Each structure stands twice: as C-alpha cells, then as structure tokens.
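> with the input below, show me the fold.
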Amino acid sequence: MMNDRENIHRRLALLRHDFVRNEPYNSFSDQFDRQLQRRLAAQSLDLIEEARAIAVIGAAGSGKTRLVKRALKQNQDLRHAKDGDELIDYLSILVPASETMKSLAILLREKLGYTSVRKGDNASDIWRQVHVLLRNRRTFYIHLDEAQHLIASPNENVRAGVVDRLKTLLNNDAWPVGLILSGTPKLLEMLNSDPQLGRRVDLVKLPAISRVSHAKEVRAIMFAYAAKAKISLSEDLDFDDLVPRLIHAGANEFGNTIAMLGFALEDALLERADVLKLRHFSEAFRRKAGCVPALNIFVAADYLSIDARKVFWDHFSKFGVE
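Sure thing, here's the model as predicted:
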C-alpha cells in the first residue's frame with residue numbers, strides 16, 4: 001500500500017513529466033510534420049530528395065530540448081526505436097562541449113548499433129560507415145542537441161568542415177538525412193555563415209517571455225498545475241504582482257518559469273499544505289538560490305533589479321527545461 005510520502009512524490013513526478021504546449025511547440029511540430037510527410041511520400045515513390053533541417057533556437061532555460069523530444073515522441077508517423085530494432089527513424093545526440101566531428105561520428109556510429117572498433121580509422125572512414133548505417137537503418141532524422149558546441153572551435157577551417165559535413169548529411173546521394181539542431185542563439189552564427197546551409201534550414205525561435213506578452217498564459221498554467229497537484233491557490237495571492245515576479249524569477253524564459261512554479265508546488269506538497277501560498281514561492285527561491293531576503297525575487301520590493309539568471313538559472317535542469 002502506498003504511503004503518503006510516496007503518493008506526494010508520484011504527484012511531483014507527474015508534474016515534472018507534464019508538458020505545456022506553446023506557440024514554438026506548435027510551429028516546430030508543423031514544420032517537422034511537413035518535412036517528414038514530404039520524405040515519406042518521396043520514399044513511397046522510390047525517389048531520393050534532398051533533406052532539410054530545422055533549427056530550434058532558444059536561450060538556456062527556454063525549454064527547446066524538451067520541446068523537440070516531446071514533439072518527436074508525439075509524432076504518430078515515427079517509429080520510436082528500442083534496443084535491438086533494425087530500423088531507426090530518428091536518433092538524438094547530445095553534443096558535448098568541444099566536440100570534434102570525428103568523435104561525433106563515433107557517437108552516431110554507436111547509436112546506430114555499430115560495435116566493432118578498428119584502430120586507425122580516420123574521420124572520413126568513420127563518416128562513411130555512418131552514412132552506410134543511416135541508409136541501412138532507414139534513418140530519416142538526426143537530432144543534435146546543444147548543437148552550438150559544433151562550432152566551438154576558433155579555427156575557421158574546422159568550423160567550415162562542420163558546415164560541409166552537415167550539408168553532406170542533408171544531400172547525400174544514396175540516403176539524405178534530415179537534421180534537427182537545437183541550441184542557443186550562437187548556433188545562428190553557423191547557419192548564417194554558409195548560404196547553402198542556411199537555405200536548407202527552417203527556423204523555430206523560442207523568444208524571451210514578459211509580463212506583457214505572457215502574463216495571462218502563465219496565470220492559466222498556474223491554475224492548471226495546481227489542479228494537477230491537487231492543491232488550492234491561496235485567496236490571498238495577488239496574481240497581478242505574483243505572475244510578473246514568477247516570470248522574472250524564470251529569467252524571462254518559458255521553461256524556467258514553469259520550473260519555478262514546479263519548485264513552489266514541490267515545497268507546498270512536501271510540507272503537506274492544502275493551499276499554495278506566496279511563501280512557498282519565496283522559500284523555493286531562497287532554498288535554490290541561497291540568497292538573503294533582499295535578493296529574493298518573491299520578497300524584494302525592487303525585484304526587477306535582481307538578475308535571476310546569475311543567481312538561479314543553473315538549477316532549473318531538475319524539471320528538464322534545457
């Protein structure tokens with residue numbers, strides 16, 4: 001029999017798993033579905049068409065990674081690969097910092113099920129293997145998350161080589177593969193550096209949010225999350241004051257803002273509260289940021305002068321909002 005504490009943590013797990021669909025999500029889903037349907041139609045006619053890419057651009061905490069993963073998972077025309085599957089419609093790779101194209105090729109090769117390693121293989125050899133594996137696995141898309149790391153090198157020749165390799169994936173004669181590139185605005189440098197690559201890429205941007213543009217939406221999300229958490233909102237809450245503070249605490253990023261709401265609900269549920277109050281927001285911020293009241297966005301009178309990103313943003317990964 002489940003005890004009360006286990007029940008609370010199950011409710012919190014469901015909240016963390018919950019996903020809020022917004023305009024960027026709808027835009028990405030629409031663009032991806034159009035590209036996929038074009039590819040499926042061409043394949044049904046035994047035609048080879050140049051693939052395209054989608055770049056999802058947003059600051060840290062905007063929610064771009066989760067957006068892409070959720071949209072791919074929800075797409076009914078994609079087979080979601082499991083271990084041992086022969087066909088892999090798409091695969092996702094987190095691009096580590098300071099990644100080289102050779103090490104990326106090795107990661108892709110492993111993801112595609114290649115286990116034999118031959119010493120002395122150069123980057124070109126490994127990429128040839130990757131292209132063969134992509135064709136054999138009938139892979140339509142590669143998602144490269146944190147794709148700005150691909151152009152971390154200050155060497156222009158290395159950066160140009162990255163662009164050339166991505167173009168080769170898109171226009172391979174035997175089996176072109178579409179790309180989903182999610183990353184920070186720095187990724188735009190790569191897309192703008194080469195017109196041939198740029199014309200093959202559709203953009204989805206996750207802009208910063210504000211009290212003017214998103215207060216109504218954030219307030220509605222607060223009510224929806226509270227209902228899912230089975231907790232009431234205090235009648236003393238001044239939403240005209242709280243919602244702008246919540247958005248600012250999230251560094252004006254959509255994903256961060258939802259995460260901050262999640263942290264407040266977590267505090268309330270873990271103390272067995274029946275009502276979500278302002279102190280749950282301020283305590284969650286204090287606990288995460290380790291700040292004095294004067295620097296607590298939910299307490300300070302001049303909260304707009306506090307830089308939430310400096311004191312808080314790196315804690316938001318708990319709710320999966322990269």
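> burial of residue 105, as a residue count?
21 (other CB atoms under 10 Å). Glycine gets a C-beta too; all of them are placed from N, C-alpha and C.
> isn't it right up against residue 126?
Yes: with contact defined as CB atoms under 8 Å, residue 105 reaches residue 126; the gap is 4.2 Å.
> enumerate every residue touching residue 266.
Applying CB atoms under 8 Å, 6 or more residues apart in numbering, we find residue 266 in contact with 12, 15, 284.
> let me have those residues in CSV, adding pLDDT, neighbour count and secondary structure as columns.
CSV is the format used below for the contacts of residue 266 (pLDDT from 0 to 100; neighbours: other CB atoms under 10 Å; DSSP: H, G, I helix; E, B strand; the rest coil):
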residue, pLDDT, neighbour count, secondary structure
12, 87, 17, helix
15, 87, 18, helix
284, 94, 21, helix
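> which one of the residues you listed is nearest residue 254?
Distance to residue 254 across the contacts of residue 266 (CB to CB) is lowest for residue 15, with 16.2 Å.
> just the strands in the stretch 51-200 of the chain please.
Secondary structure of the stretch 51-200 of the chain (DSSP state E, counting those that start in this stretch): strands located at 53-58, 90-94, 141-145, 178-183.
> and residue 271, which of those strands is closest to it?
strand 53-58 (33.4 Å).
> given the closest one, what are its sheet partners and their directions?
Strand 53-58 has the following strand partners under DSSP bridges: strand 178-183 (parallel), strand 201-206 (parallel).
> check these for me and report the most buried one.
strand 178-183 (a mean of 24; mean count of other CB atoms under 10 Å).
> who touches residue 294 in this structure?
Counting by CB under 8 Å, 6+ apart, residue 294 touches residue 300.
> and it, what's its pLDDT?
Note for residue 294: predicted pLDDT of 89.
> what about the helices in the stretch 1-150 of the chain?
Shown for the stretch 1-150 of the chain, the helices assigned by DSSP state H, counting those that start in this stretch span residues 4-17, 23-44, 64-74, 101-111, 123-136.
> redo those as TSV? Include distance to residue 258.
Listed next are the helices of the stretch 1-150 of the chain as TSV, based on distance: least, CB to CB, whole Å:
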stretch	distance to residue 258
helix 4-17	10
helix 23-44	12
helix 64-74	10
helix 101-111	30
helix 123-136	35
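> and which of the contacts of residue 266 is nearest residue 181?
Closest to residue 181 out of those is residue 15 (29.3 Å), distances taken as CB to CB.
> so the closest one sits right up against residue 262, yeah?
Yes: at 5.8 Å, residue 15 counts as touching residue 262 under the criterion of CB under 8 Å.
> now for the two: what residues contact both?
residue 225.
> okay, and residue 287 sits in which element?
Under the criterion of DSSP states H and E, residue 287 resides in helix 278-289.
> ok, residues contacting that helix?
Helix 278-289 has contacts (CB under 8 Å, 6+ apart) with 234, 236-237, 242, 245-246, 249, 260, 263-268, 273, 291, 293, 295-299, 311-312, 315.
> residues near residue 289, how many?
So residue 289, with other CB under 10 Å, has 19 neighbours.
> which pLDDT value does the model give it?
Per-residue pLDDT puts residue 289 at 86.
> re the thing from before, how far off centre is the helix holding residue 287?
Remark: helix 278-289 is offset 25 Å from the chain centroid, using CA atoms, centre = their mean, to the nearest Å.
> then stretch 218-238?
Counting by CA atoms, centre = their mean, stretch 218-238 comes out at 25 Å from the chain centroid.
> and for stretch 292-301?
In terms of CA atoms, centre = their mean, the centre of stretch 292-301 is set 30 Å apart from its chain centre.
> go on, stretch 95-111?
The chain centroid and the centroid of stretch 95-111 are separated by 19 Å, computed with CA atoms, centre = their mean.
> what residues does that stretch touch?
Against stretch 95-111 from outside (CB under 8 Å, 6+ apart): 88, 91, 93, 122-123, 126-127, 129-130, 133, 142, 144-147, 149-150, 152-153, 161-162, 165.
> what about the stretch 151-300 of the chain, any weak spots by pLDDT?
Regions of the stretch 151-300 of the chain meeting the criterion pLDDT under 70 are absent.
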